[in-house]
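A.B. asks: any chance you could fold what I've pasted below:
(one chain, ligands or ions: 2)
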Amino acid sequence: MNKIEHIGIAVKDLEAAGKTYETLLNTECYKTEKVKSEGVETAFYQVGESKIELLAATNEDSPIAKFLNKKGEGIHHIAFAVDDIKAEMKRLKEEGYQLLNEKPKKGADNKLVAFLHPKSANGVLVELCQEITEEPERLPEGDEVWED
Ligand SMILES: CC[C@H](C(=O)O)C(=O)SCCNC(=O)CCNC(=O)[C@H](O)C(C)(C)COP(=O)(O)OP(=O)(O)OC[C@H]1O[C@@H](n2cnc3c(N)ncnc32)[C@H](O)[C@@H]1OP(=O)(O)O
Ligand SMILES: [Co+2]
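C.D. replies: Ligands and ions are numbered 1, 2, ... in the order given. Next up is the predicted model:
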């Protein structure tokens, strides 16, 4: 794990929360992005080597919608930057951590991502992120999986 890549915060209203965080962090949102497969719209704020990722639900089936209904707004997950997400997934699976997806999937902000169940990390939803560096002919969208 190289660094905390981002902290994900579940919010009801992305625009309103965006104003709160732009003032709080004294920095502008550098990217908003919808991730259809997750039913989320995200807004990113650079804070030193890490980021804040605000997440609003775009449909009722979204994990964010379920989280908001159950727990309200707040910290949703911690994402760690890794060099080789497949190797990390294999290592963690062998160590007994519960992976929520068998293979990496396309996330926001040009990343391949995977998630660990909160039960595997003392109640914290953990996301692994690997920067997508080369542009293959076609990036898998949504639930499609990433094949080397
Ligand atoms: C990928 C785009 C973007 C990016 O950075 O690139 C994102 O980060 S998208 C983020 C949204 N997507 C996800 O969160 C995908 C992974 N999440 C899931 O698969 C589910 O949300 C899951 C499995 C964590 C929970 O879903 P479930 O249907 O099981 O919901 P429950 O409410 O029944 O939860 C079961 C159990 O887990 C606790 N829980 C749920 N969410 C969280 C959380 N974010 N942090 C900590 N704990 C969480 C919940 O309270 C239940 O615990 P219990 O003790 O049984 O009450
Ligand atoms: Co995230």
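A.B. asks: helices of the chain, start to end?
C.D. replies: 14-25, 63-71, 85-94 (DSSP state H).
A.B. asks: so how far is the longest one off the chain centroid?
C.D. replies: Spelled out, it's helix 14-25. Its chain's C-alpha centre and that of helix 14-25 lie 18 Å apart, by C-alpha atoms, centre = their mean, to the nearest Å.
A.B. asks: do it and ligand 1 meet?
C.D. replies: No. Shown here: helix 14-25 not in contact with ligand 1 (C-beta under 6 Å from any ligand atom), separated by at least 13.2 Å. From N, CA and C alone the C-beta is placed, and that goes for glycine too.
A.B. asks: so what secondary structure elements neighbour that helix?
C.D. replies: Applying 3 or more C-beta pairs under 8 Å, 6 or more residues apart in numbering; DSSP states H and E, one finds that helix 14-25 contacts strand 40-47, strand 50-57.
A.B. asks: wait, does the last one contact ligand 1?
C.D. replies: In this case it means strand 50-57. Yes. Strand 50-57 comes into contact with ligand 1 (C-beta under 6 Å from any ligand atom), by way of 53, 55.
A.B. asks: what strands line up against that strand, and which way round?
C.D. replies: Here strand 50-57 is paired, per DSSP bridges, with strand 3-10 (parallel), strand 40-47 (antiparallel).
A.B. asks: what angle sits between it and helix 14-25?
C.D. replies: Interaxial angle, strand 50-57 versus helix 14-25 (axes from the mean of the first three to the mean of the last three C-alpha atoms, to 10 degrees): 160 degrees.
A.B. asks: perfect, I'm done here.
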